[in-house]
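J.: With the sequence up front, the predicted model follows.
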Amino acid sequence: MPVPKLNKDDLLKSEHQLGMVLDLNKCIGCQTCTVACKTLWTDQPGQTTMYWMNVETRPGAGYPRGVAAPNGGWTSDGKQGVKGRLPSAGDYGTAYDFDYDDVLFSPGETRFKPGPEPAWGVNWDEDKGTGEFPNAFMFYLPRLCNHCTHPACVEACPRNSLYKRDQDGIVLLDQERCHGYRFCVEACPYKKIYWNHAAKVSQKCIFCYPRIDQGIPTACSTQCVGQVRFVGLVDDEASPLYKLVHQWKVALPLLPQHGTEPNVFYVPPTAPEAVDATGKPTGKRRIPMSYLEGLFGSGVSAALDALESELGKVRRGQSSELMDLLSVTRYQDLFILPTAPSNGAWFGAFSADGSHPVTAPEKGEH
Amino acid sequence: MQADRVDIDSATLLDPSQAVWREASSQKLQLVQTPLSMQPSPWLQGAYQGGTWGTLSSATLRLLHNGDVIAARVEWAVPNPVRSSVSPNEFPDACAVMLPFVRDASIFMGEDEAWVNMWLWRADGFGPFAVTAAGIGTSRRIDDGLVEATAVYAEGGWQVVFTRRLQPQDRTDHVPLQPGSSWQVSLALWQGATADRAGLKSFSPTWTELEIAA
């Protein structure tokens, strides 16, 4: 029996939109988010090099290799698809095999190393960055599916296997309906849909929807030691996301030029000032604005100005709503979910000083 | 074309290199590229303008039956066969024989009240499958073991034989075929070297009449 016909317009609709803001000035590249996601969702056959969540060093080649020179998505008017490049298996690298027997039980001094000699893999260029001393620079860029409002992946699938959830816009991929054609992989400028060669289907970040449905934020967010991530409805004016994205305009989408309207936003890295040969600050930015604009669009300059201006207030002993928002004194302020239990059960539950169990406030109290 | 009746066991029919196939009547079907305008993907219609797919121009089809099983042998030239789908940018060569559930169903994967039935083989060893569809984008693979396939790559081309019981019990997912009757058949080929997949393929744009010998 054939699968039912589905209407593409219906698949693209959602009543609300969940999103995430990541403050790159707080990300230390510890990969805890990566591991939290990997152990929870992608430990099955065919998923060895599949990282729904990964942290890249930028400037760098990205992961899969080449994603830093993105392709796919839409033309600048958002109306026509742009052909993308399908990465090769080599762009993801291979899992390393170590010959433990040889090292442990063979005579002589065998060097413990993976074989065959790897040439690329996840985090291959970690911490490398670019530039010359004393003005070399790098920063971490955690990446997950952007759960876009105009998702090229959803529109690319000839089988209508991808859709946005009605209630929150999370982009999901129907594993039964998928036939593994990979137009979605090709269309996604972020290459955040992966090919599972064992299951012969494409797979992607599900924004931890089974957790979301219980009012629990994504694993990458709750495990983040730097408290880098805010999760909530982008269209909820009470949400810190709304304030950071729409009010303060300091949280920006990644690669907006590809027209997919991402719902994951980044507070761009301020980075220290450039210094001269004697080590004195020059008053110029260390990370070239053109590089940041290539990643986050034309709003970067204004966002950095706003961040530095508000930071200046705090340094002068004044108050700043934006800095209060970004510094997050209460863990639970990071996450305002429409599905959160009113008793705040998941927060687990201790007050900031650890003295007593806490109850999360109702959504409206924020 | 005709599916002659032969007194040969089903396992032998499933072997593309058996002599019986050399003696079977054949028909060369002309294939064309699927039109971009029919792709059910707004993104694809823009992104694939001027793209390359569906460049295989013909295939040779032979059919035989032994009263119990019908067998279809498809042969086509492919200079660079692709057998793997491990890498994300690898798409295997593939072939499908299509039969309508209702005569003259839409050649474009059938329609609501006139489904089509396919036998699908892929060079990566995934399958074979029976497939039913009621229009573009509605195909479902059925892995019930009824369709079997064997393939060899020789002399610069694939030779694929499908077999299936003429009269399967499951008539929802399989078109029953009756000796002594006539039916219709068409072909689709996917070439891995040009990343053919889904609706990006070569196909025979009209049904070929098929006489199934009594």
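T.: Thanks, I have the structure now.
J.: rest of the way, CA atoms for contacts and neighbours
T.: Will do.
J.: Residue numbers of chain B in contact with chain A?
T.: Residues of chain B found near chain A (CA under 8 Å from any CA of the partner chain) are B:39-48, B:85-89, B:132-134, B:137-140, B:172-173, B:197-198.
J.: Among these, name the buried ones.
T.: Buried residues within the residues of chain B next to chain A, counting neighbours by 16 or more other CA atoms under 10 Å in any protein chain shown: B:39-48, B:85-89, B:132-134, B:137-140, B:173, B:197-198.
J.: In helices, which of those fall?
T.: B:P42, B:W43, B:L44, B:Q45, B:G46, B:A47 (DSSP state H).
J.: could you measure the residue nearest to A:S320 when sequence neighbours are not counted against chain B, distance?
T.: Once flanking residues are discounted, A:S320 sits nearest to A:E310: 6.0 Å by CA to CA, 6 or more residues apart in numbering or on different chains. Distance, A:E310 to chain B, using CA to the nearest CA, to the nearest Å: 42 Å.
J.: Format the ones in helices among the buried ones among the residues of chain B next to chain A as JSON lines; extra columns: pLDDT.
T.: Compiled in JSON lines, those are given as follows (pLDDT from 0 to 100):
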{"residue": "B:P42", "pLDDT": "91"}
{"residue": "B:W43", "pLDDT": "96"}
{"residue": "B:L44", "pLDDT": "96"}
{"residue": "B:Q45", "pLDDT": "95"}
{"residue": "B:G46", "pLDDT": "95"}
{"residue": "B:A47", "pLDDT": "97"}
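J.: Let me know the closest of the residues you listed to A:N263.
T.: A:N263 lies nearest to B:W43 out of these, by CA to CA, at 19.7 Å.
J.: hey, what's the closest residue to the closest one other than its chain neighbours bridged with?
T.: Nearest non-adjacent residue to B:W43, counting by CA to CA, 6+ apart: A:G81, 4.3 Å away. Bridge pairing for A:G81 (DSSP bridges) gives the partners A:W74.
J.: For chain B, which segments count as helices?
T.: B:10-13, B:19-23, B:42-47.
J.: which stretch among those helices comes nearest A:K113?
T.: From the helices of chain B, taking CA to CA, the stretch that ends up closest is helix B:42-47, at 43.2 Å.
J.: roughly how far is that closest one from the heart of the chain?
T.: 26 Å (CA atoms, centre = their mean, to the nearest Å).
J.: cool, stretch A:251-258 as well?
T.: 12 Å.
J.: Other residues contacting it?
T.: Outside of stretch A:251-258, the residues within contact range by CA atoms under 8 Å, 6 or more residues apart in numbering or on different chains are A:21-23, A:72-76, A:78, A:189, A:244-245, A:261-268, A:294-297, A:299-300, A:303.
J.: export stretch B:202-212 as PDB, just CAs?
T.: Taking Å, rounded to 0.1, in the frame of the first residue of the first chain, the C-alpha atoms of stretch B:202-212 are listed here in PDB:
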ATOM      1  CA  SER B 202      15.800   7.300 -16.900                       C
ATOM      2  CA  PHE B 203      12.500   5.800 -17.700                       C
ATOM      3  CA  SER B 204      10.500   4.400 -20.600                       C
ATOM      4  CA  PRO B 205       7.800   7.000 -21.000                       C
ATOM      5  CA  THR B 206       5.000   4.800 -22.300                       C
ATOM      6  CA  TRP B 207       3.700   1.400 -21.300                       C
ATOM      7  CA  THR B 208       4.900  -1.500 -23.400                       C
ATOM      8  CA  GLU B 209       2.200  -4.100 -24.100                       C
ATOM      9  CA  LEU B 210       3.000  -7.500 -22.600                       C
ATOM     10  CA  GLU B 211       1.500 -10.800 -23.700                       C
ATOM     11  CA  ILE B 212       1.900 -13.500 -21.100                       C
END
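J.: where in chain A is pLDDT low?
T.: Along chain A, segments meeting pLDDT under 70 span A:341-366.
J.: OK, contacts around the most centrally placed residue in it?
T.: For chain A, A:R143 is the residue whose C-alpha lies nearest the centre (CA atoms, centre = their mean; 2.8 Å). Counting by CA under 8 Å, 6+ apart, A:R143 touches A:M53, A:N54, A:V55, A:E56.
J.: near chain B, which residues of chain A show up?
T.: So chain A meets chain B at A:1-5, A:74, A:80-84, A:86-89, A:152, A:155-160, A:177, A:181-183, A:187, A:194-195, A:197-198 (CA under 8 Å from any CA).
J.: thinking again about what came up before, find the pair from the contacts of A:R143 with maximum spatial separation.
T.: A:M53 and A:E56 (9.9 Å).
J.: what's the overlap in contacts for these two?
T.: A:P142, A:R143.
J.: need the ones in helices among the buried ones among the residues of chain B next to chain A in CSV with distance to B:A154, can you?
T.: CSV is the format used below for those (distance: CA to CA, whole Å):
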residue, distance to B:A154
B:P42, 39
B:W43, 38
B:L44, 34
B:Q45, 36
B:G46, 37
B:A47, 35
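J.: Pick the one among these closest to B:L189.
T.: For those, the nearest to B:L189 is B:L44 (19.5 Å; CA to CA).
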